[in-house]
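Colleague: sequence plus the predicted model coming up.
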Amino acid sequence: MSQNLLHPDRLFSSDIEQRNIAKRLYADIKDLPIVSPHGHTDPRWFAENQCFSNATELLIQPDHYLLRMLHSQGISMEALGFTADGSKSQVEPKDIWLLFATHYYLFLGTPTRMWMDYVFENVFDLHEDLSELTADTFYDHITASLQKKEFTPRALFERFNIEVIATTESAIDDLSHHKTIKESGWQGKVITAFRPDNVIDPEFEGFEANLVRLSTLTNEPLDTFESYLMSLYKRRAYFKEMGATSTDHGHLSARTLDLSKAEKELLYTQIRTGTFDAEDADCFRAQMLTEMALMSLDDGLVMQIHPGVHRNHNQQLFDKFGRDKGADIPVASEYVQNLKPLLNRFGNNPNFSLIIFTLDETSYARELAPLAGHYPALKLGPAWWFNDSPEGMRRFREQTTETAGFYNTVGFNDDTRAFLSIPARHDVARRMDCAFLAQLVAEHRLTEPQAKQIAYDLTYTLVKQAYKL
């Protein structure tokens, strides 16, 4: 048991001079509003504004980071409350929480532990360690708190000082929850982002059924490539009407192509008739990234590409429980050649904005920072997903700043389904940026006033500019 879970100087240097500089920088930016341009929170929460049910369903089951670590130690999905057919589990939520608490030691030294401790201390005012001994106390306190008005989704949104959050919906989502939010009169800003992977990736499960849905939503027959593109234009327009300022593309690679009209039509025919192989599917994804860039030039939506993830790597887990169970694994990625067709067409255009994320850190200094340090249209997304950690954030700044500077990056985004961890993640990013800047000040590479301005811009200005917020 400890009096405080989190030290006030966490993540700052052990060097006294650097630590004191970082503390001064952090004091200026720690309370700035949160801008979350790429989130996976459920818009239903803010539309219906109903109380969250219990600690397990809110904090454990939606969180990939928790699921993958527990699964790695042999804890089954069934024990965590998941069923093969999606029916209600017979395992009690409190029993799942006890299982989690008993294994909470597994997260020592991980960013997940820091985020969770932040939630316990700052959201629920719990100032002792979670363990098997305290599991019941934690569960009962958190679950009881969640039934109070001040813990409803909209109340927490305001308490966390969130200025805007962009959820992410597929191209065939009807956005009914966003419509409800807009019509409710609530002042919280929750917008959507256009994620078309399930209708532009021929190898996405249910692809043909998704195209049927797309055709119905847009009243386009999709019998030609031109009709198919028009359906996507229409969906983008609707997303933009519902507040979207960005698109989001999660392909395996950043490969792009710039095919002729005849080649595109032939490729589309192969895709629709099912006479394609894996290379054809990859070519189609690559061409569609270029088409999405062309549409962005027309409608002004910022384009995000985050490749380099082998999704649902555990086939048995995917077949039994579906997507998003913590089995996504980083893969090596290439950008210089893969992005060349797209950047040749749009990279110098002042009206086009492209943000690239990666899980392959070896590409930071070698490829991405030089590209972003040259092309006006290209910016670097922050250390993301597996790199969304103190060490990953430090490596990102060390490897990209010398070539791309600070101002070819776009601040921080939390990219999380774990709503209550959003302030914790932003706090980690703010502390790490201040620690990095403090070192540059101590080495007389920046003045403290310069570092103060950069800290403000990394926290607030750059993300609003990059995402047109």
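Modeller: Thanks, I have the structure now. Not measured: the values here are computed from a predicted model. Numbering: from 1, shown residues only.

Colleague: could you double-check that residue 338 sits in contact with residue 252?
Modeller: No: between residue 338 and residue 252 there is no contact under C-beta atoms under 8 Å: 10.9 Å. Every residue, glycine included, has its C-beta placed from N, CA and C.

Colleague: more neighbours: which of these two?
Modeller: Neighbour count, other C-beta atoms under 10 Å: between residue 338 and residue 252, residue 338 has more, with 21 against 16.

Colleague: and the more buried one, what does it touch?
Modeller: With contact taken as C-beta atoms under 8 Å, 6 or more residues apart in numbering, residue 338 is in contact with 253, 254, 255, 256, 286.

Colleague: with residue 467 instead?
Modeller: Applying C-beta under 8 Å, 6+ apart, we find residue 467 in contact with 35, 37, 166, 245, 246, 302, 410.

Colleague: what does residue 376 give?
Modeller: For residue 376, the contact set (C-beta under 8 Å, 6+ apart) comprises 347, 348, 349, 350.

Colleague: the residues you listed in helices, which ones?
Modeller: Counting by DSSP state H, the contacts of residue 376 place none of their members in helices.

Colleague: quick check on the contacts of residue 467: which are buried?
Modeller: Buried subset of the contacts of residue 467 (neighbour count, 16 or more other C-beta atoms under 10 Å): 35, 37, 166, 245, 246, 302, 410.

Colleague: my read: the second one touches residue 468, true?
Modeller: This means residue 37. No: using C-beta under 8 Å, residue 37 makes no contact with residue 468, being 9.5 Å away.

Colleague: list residues touching both of these two?
Modeller: 245, 246.

Colleague: circling back: out of the contacts of residue 467, who's nearest residue 398?
Modeller: Set against residue 398, the nearest of the contacts of residue 467 by C-beta to C-beta is residue 410 (17.7 Å).

Colleague: tell me the spacing between the closest one and residue 9.
Modeller: Note on residue 410: its distance to residue 9, by C-beta to C-beta, to the nearest Å, is 28 Å.

Colleague: would you mind measuring from residue 220 to residue 229?
Modeller: 9 Å.

Colleague: swap in residue 205?
Modeller: Residue 205 sits 23 Å away from residue 229, taking C-beta to C-beta as the criterion.

Colleague: so between those two, which is more surrounded?
Modeller: Of the pair residue 205 and residue 229, residue 229 is the one with more neighbours under other C-beta under 10 Å, namely 19 against 12.

Colleague: okay, the more buried one: pLDDT?
Modeller: Taken from the predicted model, the pLDDT recorded for residue 229 is 98.

Colleague: just residue 135 next, same as before
Modeller: Per the predicted model, pLDDT is 98 at residue 135.

Colleague: next: residue 149.
Modeller: Per the predicted model, pLDDT is 97 at residue 149.

Colleague: what does residue 3 give?
Modeller: pLDDT, residue 3: 58.

Colleague: can you tell me which of the contacts of residue 338 is closest to residue 23?
Modeller: Proximity of these to residue 23 (C-beta to C-beta) peaks at residue 254, which lies at 38.8 Å.

Colleague: how many other residues sit next to that closest one?
Modeller: Using other C-beta under 10 Å, residue 254 has 26 neighbouring residues.

Colleague: and the contacts of residue 467, which is closest to residue 80?
Modeller: For these, the residue nearest residue 80 by C-beta to C-beta is residue 166; the value is 28.5 Å.

Colleague: hey, what's that closest one bridged with?
Modeller: residue 191 (DSSP bridges).

Colleague: give me every residue that touches it.
Modeller: Contacts of residue 166 by C-beta under 8 Å, 6+ apart are 36, 37, 38, 39, 190, 191, 192, 193, 244, 245, 246, 467.

Colleague: end to end, how far does stretch 366-373 reach?
Modeller: Start to finish, the residues bounding stretch 366-373 are 12 Å apart (C-alpha to C-alpha, to the nearest Å).

Colleague: okay but residue 214 is in contact with residue 173, surely?
Modeller: No: taking contacts as C-beta under 8 Å, residue 214 lies outside contact range of residue 173: 11.0 Å.

Colleague: returning to what we had before: wait, which of the contacts of residue 166 is closest to residue 372?
Modeller: Nearest to residue 372 among those, with distances taken as C-beta to C-beta, is residue 467, at 15.9 Å.

Colleague: residues contacting the nearest residue to the closest one once chain neighbours are set aside?
Modeller: Counting by C-beta to C-beta, 6 or more residues apart in numbering, residue 467 lies nearest to residue 37, which is 4.2 Å off, once chain neighbours are set aside. By C-beta under 8 Å, 6+ apart, the contact list for residue 37 reads 164, 166, 193, 245, 246, 410, 413, 463, 466, 467, 469.

Colleague: mind listing which of those residues are in helices?
Modeller: Using DSSP H, those in helices are 463, 466.
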